[in-house]
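> Got a sequence here, can you model it:
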Amino acid sequence: MKDIKLTYISDSLAETYGRIILTHDGNFVVGDGEFNFVCGVCSRVMARNMGILPPFRNAVIRCNGCQSYMHLTKPAKYLEVPANLKNLRGIVDMPLNFDMGGMWKQTDVLSSLDAVSDAILQPWKDHHSSIPSKIFHYTSGVGVVGILGSGNLWASDLAYLNDASELQYAADLIEEIKDEIVQRSSPEAKELLRRSMSLTTPYALDAGYYAACFCTNGDLLSQWRAYGGVTDGYSIGFATEEFLRSGFKLRRVLYDPAAQRALLVSTFSRVLSVFEEIRAGRSVEELDRDKIFAPFAEFLNRHVIEYIYCFKHPSFYEENEWRIVIDFNRADHLNLVEFRQGQGRHIPYVKFNCRGDARSAPDLPVVSVTIGPNFTPPLAKKSMHLMIERYGYEHVEILGTDAPLRV
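Numbers count the residues shown, from 1 in each chain. The predicted structure is shown next:
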C-alpha cells in the first residue's frame, strides 16, 4: 500500500472551500484500491485503499490528528511540509554566520587576532541574540505579484534605498570616530587606519552592499504609508530560519547612536592595542617588509564593514529592521545585476531565493500575506487567495490589517 500525501492549505484558504469536518476518528472514505491518501502534515490516513483521488470539487478536509486542512484533490507537491504560521516558534534557535576569515589566519605571528575578533564580535552578536521566527517585507500590489509569481526577492544597492543618506550616515560616523582616535595614535597606527578604511562610499562602482529589508512587525502604519501608498500595501511574512538554512547573511539594524559609537570605539581600540604590541617599535617600512600591514588592515576593515550596512539614523527606530545583506563586487557579480526605474534613476538590484531541490520546498519561505488599508478588503482578499494558490503557496495565511484607512 502506497501513501500519497495531500496538499496542506492554510486556515484562511480553507475558508474559501467547502470544509469536511470528521466527527469520528476513522477514515473519511474506504475503497478497494492500492493507495492511502494521508495528511500532508502528520501523515494520518484520510482515505484508505483508494484507486483515485476522491471525486470532490472545491472541498477540503480537516485532519483529526493535527487539525490542519488538506486539499482533497491535490497531492502534495513538496517533499517537506512548507514553513507555515502553525509550525513557527517564537524565536529562531540557530546562530548567525559571523565568519571573519582572512589573511591573518594564515599568519602565525597574528594568531592572537582570533581572540581579538571574538572580543569585538561578542557585543555585536549580543545585538543579534533574539532572532524573530518571522520577518516581514512591505511592498506594493505590483511588488507582491512579482514576488509570488517569480519566486524571487530583490536585494537593492543600499545606496538607492528610500533613505538616501543611509550608507553615508554610517560612513560619516566611522570617519568621525577614526579621526578622534588618530589624534592619539602613533604614525604607524595612523598608516594602518589609512590603509584599512577603504570603505565603500555610496558612489563606488567596484564594490558595495545589496540588501532586502524586513520588519519584525507585519502591520505597521508607517510602513503602509511608505511602501503601499494610501491603499496598495502588502506585508509578506517569511520564515526567518529558512533564509539562514540557505546561507544568507541576516543582520539586525542598530539605531542607538551611543551603542553605535561604543562598538566603533571598542573595535578601533582593541585592534590598535594589539597592533602596537605586535609592531614592537618597527617602522612602516619594516612592517611592510614583515607583511604585517596588509593582514592587519584587512582584519580591521572586515570588522568595521559589519557596521556600515547596519547603522541607521535613530529616527527610523520604529521599523526594527532586519536585513539580508549580499556583498557585491563588480569583478565577480556584474552579470547578476539587473535594473529597475525609480526615483528618477536606474536602481541596481539582484534577485535571490531559497531555491534548492524543486520538489523539497517552495522557492521562498512565505508564511503570510497581510493586506494593508484598502477600499475593498473582500475583493483584495479574494484575489490574494487565488494568487497564493495559483503560484503554489496554498499554505500561506491571508490576513488583514488593523490599521484604519484614512485618505
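> which regions of this structure lie under the pLDDT threshold?
26-27, 32, 54, 162-164, 198-202, 228-230, 357-358, 405-407 (pLDDT under 70).
> Spatially central residue in the protein, please.
Central residue of the chain (Cα atoms, centre = their mean): Ile324, 4.2 Å from the mean position.
> Okay, now the sheet partners of the helix or strand hosting that residue, with direction.
When elements are defined using DSSP states H and E, Ile324 is found to belong to strand 321-329. The strands beside strand 321-329 in its sheet (DSSP bridges) come out as strand 207-215 (antiparallel), strand 249-252 (antiparallel).
> What residues sit buried inside that strand?
Within strand 321-329, the residues scored as buried using 16 or more other Cβ atoms under 10 Å are Glu321, Trp322, Arg323, Ile324, Val325, Ile326, Phe328. For every residue, glycine as well, the C-beta is placed using N, CA and C.
> and of those residues, the nearest to Leu244?
If you rank these by distance to Leu244 using Cβ to Cβ, Ile324 comes first, at 9.8 Å.
> Double-check that closest one against Tyr209; I have them as touching.
No - Ile324 lies out of contact with Tyr209 (Cβ atoms under 8 Å); the separation is 10.8 Å.
> which residues touch Glu191?
Taking Cβ atoms under 8 Å, 6 or more residues apart in numbering, we find Glu191 in contact with Val284, Phe293.
> hang on, the earlier thing: got the buried residues of strand 321-329 as TSV, with distance to Tyr391 columns?
Converted to TSV, the buried residues of strand 321-329 look like this (distance: Cβ to Cβ, whole Å):
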residue	distance to Tyr391
Glu321	27
Trp322	25
Arg323	25
Ile324	21
Val325	27
Ile326	24
Phe328	28
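> which of the residues you listed lies closest to Glu285?
Within the set of the buried residues of strand 321-329, Phe328 lies nearest Glu285; the separation is 34.9 Å, counting by Cβ to Cβ.
> Show me what the closest one is bridged to.
According to DSSP bridges, the partner residues bridging Phe328 are Gly208.
> Asn335 versus that one, what's the distance?
For Phe328, the distance to Asn335 (Cβ to Cβ, to the nearest Å) stands at 12 Å.
> So which residues of this structure form helices?
Listed in chain order, the helices of the chain (DSSP state H) span residues 11-14, 113-127, 141-150, 166-182, 187-196, 221-228, 240-245, 257-279, 284-289, 293-308, 330-333, 377-390.
> Taking helix 293-308 as reference, get the angle to the strand holding Ile324.
Orientation check (axes from the mean of the first three to the mean of the last three Cα atoms, to 10 degrees): strand 321-329 against helix 293-308 gives 140 degrees.
> In stretch 175-190, which residues are buried?
Going by 16+ other Cβ under 10 Å, stretch 175-190 has these buried residues: Ile177, Lys178, Ile181, Ser185, Glu188, Ala189, Lys190.
> ok, the residues you listed vs Met387, which is closest?
When the buried residues of stretch 175-190 are compared for distance to Met387 (Cβ to Cβ), Ile177 wins out at 47.7 Å.
> and the nearest residue to Glu175 once chain neighbours are set aside, how far is that from Val116?
When the adjacent residues along the chain are set aside, Glu175 lies closest to Met197, with 7.6 Å between them (Cβ to Cβ, 6 or more residues apart in numbering). Met197 sits 18 Å away from Val116, going by Cβ to Cβ.
> out of the two, which sits in the more crowded spot?
The residue with more neighbours, out of Met197 and Val116, is Val116; 19 against 15, by other Cβ atoms under 10 Å.
> what sits up against stretch 249-256?
Applying Cβ under 8 Å, 6+ apart, the set of residues contacting stretch 249-256 from outside is 96-97, 127-128, 131, 240, 243-244, 260, 263, 306-307, 309-314, 316-317, 319-327.
> what sits against the residue nearest to Asn320 when sequence neighbours are not counted?
Of all residues beyond its chain neighbours, the one nearest Asn320 is Thr216 (4.7 Å), with distances taken as Cβ to Cβ, 6+ apart. Contacts for Thr216 (Cβ under 8 Å, 6+ apart) come out as Pro132, Lys134, Ile135, Phe136, Asn320, Trp322.
> What's the local residue count around the second one?
By the other Cβ under 10 Å criterion, the neighbourhood of Lys134 contains 21 residues.
> quick one on the thing from earlier: nearest to Val109, of the strands paired with strand 321-329?
Taking Cβ to Cβ, strand 207-215 is the member of those nearest to Val109, at 28.3 Å.
> Please provide the alpha-carbon coordinates for that closest one, formatted as CSV.
Extracted C-alpha coordinates of strand 207-215, given in CSV (Å, rounded to 0.1, in the frame of the first residue of the first chain):
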residue,chain,number,x,y,z
ALA,A,207,32.1,47.1,-4.6
GLY,A,208,29.1,47.6,-2.4
TYR,A,209,26.2,46.0,-0.5
TYR,A,210,22.8,44.9,-1.7
ALA,A,211,20.0,44.4,0.8
ALA,A,212,16.5,43.3,1.2
CYS,A,213,14.8,44.9,4.1
PHE,A,214,12.3,43.4,6.6
CYS,A,215,10.5,44.4,9.8
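> Can you name the residues in contact with that strand?
Here strand 207-215 makes contact (Cβ under 8 Å, 6+ apart) with 135-138, 153-159, 161, 167, 200, 223, 235, 238, 308-309, 319-330, 348-350, 352.
> rerun at 6 Å
Outside of strand 207-215, the residues that reach it under the criterion Cβ atoms under 6 Å, 6 or more residues apart in numbering are 135-137, 153, 155, 157-158, 200, 309, 319, 321-326, 328-329, 350.
> residues contacting Leu272?
Taking Cβ under 6 Å, 6+ apart as the criterion, Leu272 is in contact with Ala189.
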